[in-house]
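Colleague: give me coordinates for this.
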Amino acid sequence: MAEEETQVEEGPLRALKWDQGLFEQITRGFQFPPEWDAQYPPQGQTAADAPPGYTTLFEDFFLQGNFRIPTTNFMASMLHFYGFHLSQMSPPGMVRVRHFEFLCRSHDIEPTVEKFRVFYQLLRNLGFYSFGNRGSTKKILLNPPKSFHDWKMKFFFIREEVVPIAMILREPDTIEKEELLIPKGGDWYLKLTATPNRIFGENVLVAAQMSDKWSETSNEVPVLKFEDRGMLSL
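Modeller: Here you go, the predicted model:
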């Protein structure tokens, strides 16, 4: 049976209520170039009010979910397979997708939708999509964030070509429970052991091919660190 482990604030989209200074920290810290035209929304707007040619992203995608733009091919394949728009994914869903992608890459396993589905079942909560544990398989995510306070009100708009994925807004529909064969003897399945959720620095995400936001002036080295055992330069 699928379970949603993280408490997500319920209710419809709510009006903007977050600090413009934090928005500007995000645009600077994650190196948004001017041509992306990231916009802090006017007061009273909701995440559904993106202007034509723009899409909505949420603060917690970046601060909790290790999300970066440009997106990875794996993220594109996930959105294509499940048929929903990136702006319809909740932060808990983003945490699970990016944790899975990192876990695969840290074991030199190519992340795919088929492998992801072994562990997770699609869920929908009031118009937003996430993923719950598939009861017949092992858990691979430990200690996910327990709550995302006011996440629906902490959003911004950005030019849609920044996320060059053909996306549609998925209409509410019935999500049927999936019964999938668990490859319990498969090498890749055995390698993916339970690990806690973490917020990674750019040196780790760049090494895992999950970010290209690397500063040429940085004194750090792109490395992939797994379970605090050693450092692997990529």
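Colleague: which residue ranges of the chain form strands?
Modeller: 7-8, 54-58, 120-125, 128-133, 141-142, 147-148, 155-159, 195-196, 223-226, 229-233 (DSSP state E).
Colleague: from the chain's centroid, how far away is the fourth one?
Modeller: Here the centre of strand 128-133 is set off from its chain's centre by 11 Å, with CA atoms, centre = their mean, to the nearest Å.
Colleague: burial count for the nearest residue to residue 55 once chain neighbours are set aside?
Modeller: Computed as CB to CB, 6 or more residues apart in numbering, the closest residue to residue 55 that is not its neighbour in sequence is residue 160, at 4.5 Å. The C-beta positions use only the backbone N, C-alpha and C, and glycine is treated the same way. Neighbours of residue 160 under the rule other CB atoms under 10 Å: 18.
Colleague: now residue 160: how far from residue 152?
Modeller: Relative to residue 152, residue 160 is positioned 20 Å away (CB to CB, to the nearest Å).
Colleague: got it, and residue 32?
Modeller: Taken as CB to CB, the span from residue 32 to residue 152 is 21 Å.
Colleague: can you name the residues that contact the most centrally placed residue in the chain?
Modeller: In the chain, the residue lying closest to the centroid (CA atoms, centre = their mean) is residue 94, at 2.5 Å. Going by CB atoms under 8 Å, 6 or more residues apart in numbering, residue 94 touches 60-61, 64-65, 67.
Colleague: drop anything exposed from those residues.
Modeller: By neighbour count, with 16 or more other CB atoms under 10 Å, the contacts of residue 94 hold 60-61, 64-65, 67 as buried.
Colleague: can you pull out the low-pLDDT segments for this protein?
Modeller: 1-17, 214-234 (pLDDT under 70).
Colleague: kindly check the end-to-end length of stretch 125-136 for me.
Modeller: From its first residue to its last, stretch 125-136 covers 22 Å (CA to CA, to the nearest Å).
Colleague: tilt between the biggest helix by length in the chain and strand 120-125?
Modeller: For the chain, the longest helix by residue count, based on DSSP state H, is helix 91-106. Relative orientation of helix 91-106 and strand 120-125, computed by axes from the mean of the first three to the mean of the last three CA atoms, to 10 degrees: 160 degrees.
Colleague: need the CA coordinates for helix 91-106. CSV is fine.
Modeller: Taking Å, rounded to 0.1, in the frame of the first residue of the first chain, the C-alpha atoms of helix 91-106 are listed here in CSV:
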residue,chain,number,x,y,z
PRO,A,91,8.0,19.6,-2.7
PRO,A,92,7.7,16.1,-1.2
GLY,A,93,7.5,14.7,-4.7
MET,A,94,10.5,16.7,-5.7
VAL,A,95,12.5,15.4,-2.7
ARG,A,96,11.7,11.8,-3.6
VAL,A,97,12.6,12.2,-7.3
ARG,A,98,15.9,14.0,-6.7
HIS,A,99,16.9,11.7,-3.8
PHE,A,100,16.3,8.7,-6.1
GLU,A,101,18.3,10.2,-8.9
PHE,A,102,21.2,11.0,-6.6
LEU,A,103,21.1,7.5,-5.0
CYS,A,104,21.3,5.9,-8.5
ARG,A,105,24.2,8.1,-9.7
SER,A,106,26.1,7.6,-6.5
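Colleague: that concludes my questions; thank you for your assistance.
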